[in-house]
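S.K.: Kindly return the folded structure for what I paste below:
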Amino acid sequence: MKKQYPVYLVGAGPGDPDLLTVKAQRLIESIDVVVYDKLVSQPILALFPSYVKHIFAGKQASNHYMPQPEINNLLVTLFKQGRKVMRLKGGDPFVFGRGGEEALHLAKHGIPFEVVPGITSSAGCAAYAGIPLTHRDFAHGVRFVTGHMKESSGLGLNWESMADPDTTLVIYMGVGNVSEISARLINAGLSPYTPAAVINHGTRDNQKVITTTLTNLPSNVISENLTGPTLMIIGRVVELNRYLAWFSKVPKNNSPFVTD
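M.R.: Modelled structure (predicted):
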């Protein structure tokens, strides 16, 4: 009888291949089909052996190449075909990555799976932008929220609880709703002069970091016409970017890996 392997739900991290976990790297060299998202960087995809079948699942905010139910069923089908399957997601599969939905679908069908955590975009992008998410002089906590709600149902967030000057606010997938996010936070009491940062293509050679204020955040995002993975950070810790932006000083040599 042919051995059946679990479906591997793997976090690819925010983009830099050096940030892959050892377990993710080992699995990349041993699977035969990968179902990957749009946010997985090309240098990471290039690490797969040539015989591995690549299936693009898309998924970026409201632009879904493959609907979620179709992805769920695809994983079941591939498993039943006896394939050794990796479901590869940008960041961490359980942090705004719908990994929980896919794991539940597999569990309901009695299919074994393993979750391989990845460095979530908030931690990776903030570190490469020189923005500590917590600092005892600037923030007593950090809060992660999504700026894109299911099926365009609107941003039903608790704005009053989020408008805390002592908390760092990290917003995933918020570019399309940046004007509403800024206005709602200001209306809830957060100072319009609160430092804010936009990190585009974080941890990658083409990383771009924009520092601004909460009130100017929408105009900065719109004027830059940003595409690709983008994260927003709001809070006083953003001020530290001017001192700690180490990655901007690292020489880039067109390699998929960060130089030492």
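
S.K.: got a list of what residue 33 touches?
M.R.: With contact set as C-beta atoms under 8 Å, 6 or more residues apart in numbering, residue 33 has these partners: 52-55, 78, 83-86. Any C-beta I mention is one placed from the backbone N, CA and C, and that applies to glycine too.

S.K.: Alpha carbons of the lengthiest helix in the chain, as PDB, please.
M.R.: Longest helix of the chain, by residue count under DSSP state H: helix 68-80. Provided in PDB are the C-alpha atoms of helix 68-80 (Å, rounded to 0.1, in the frame of the first residue of the first chain):
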ATOM      1  CA  GLN A  68     -11.700  29.500  -1.000                       C
ATOM      2  CA  PRO A  69     -14.100  26.500  -1.300                       C
ATOM      3  CA  GLU A  70     -12.300  25.400  -4.400                       C
ATOM      4  CA  ILE A  71      -9.000  25.600  -2.700                       C
ATOM      5  CA  ASN A  72     -10.400  23.500   0.200                       C
ATOM      6  CA  ASN A  73     -11.700  20.800  -2.200                       C
ATOM      7  CA  LEU A  74      -8.400  20.800  -4.200                       C
ATOM      8  CA  LEU A  75      -6.400  19.900  -1.100                       C
ATOM      9  CA  VAL A  76      -8.800  17.000  -0.400                       C
ATOM     10  CA  THR A  77      -8.600  15.800  -4.000                       C
ATOM     11  CA  LEU A  78      -4.800  16.000  -4.100                       C
ATOM     12  CA  PHE A  79      -4.500  14.000  -0.900                       C
ATOM     13  CA  LYS A  80      -6.800  11.300  -2.200                       C
END
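
S.K.: And stretch 82-100, how far out from the chain middle?
M.R.: Centroid separation between stretch 82-100 and its chain, computed with C-alpha atoms, centre = their mean, to the nearest Å, is 12 Å.

S.K.: now do stretch 157-175
M.R.: Averaged C-alpha coordinates place stretch 157-175 at 17 Å from its chain's average position (C-alpha atoms, centre = their mean).

S.K.: mean confidence for the longest helix of the chain?
M.R.: On average, the pLDDT along helix 68-80 is 96.
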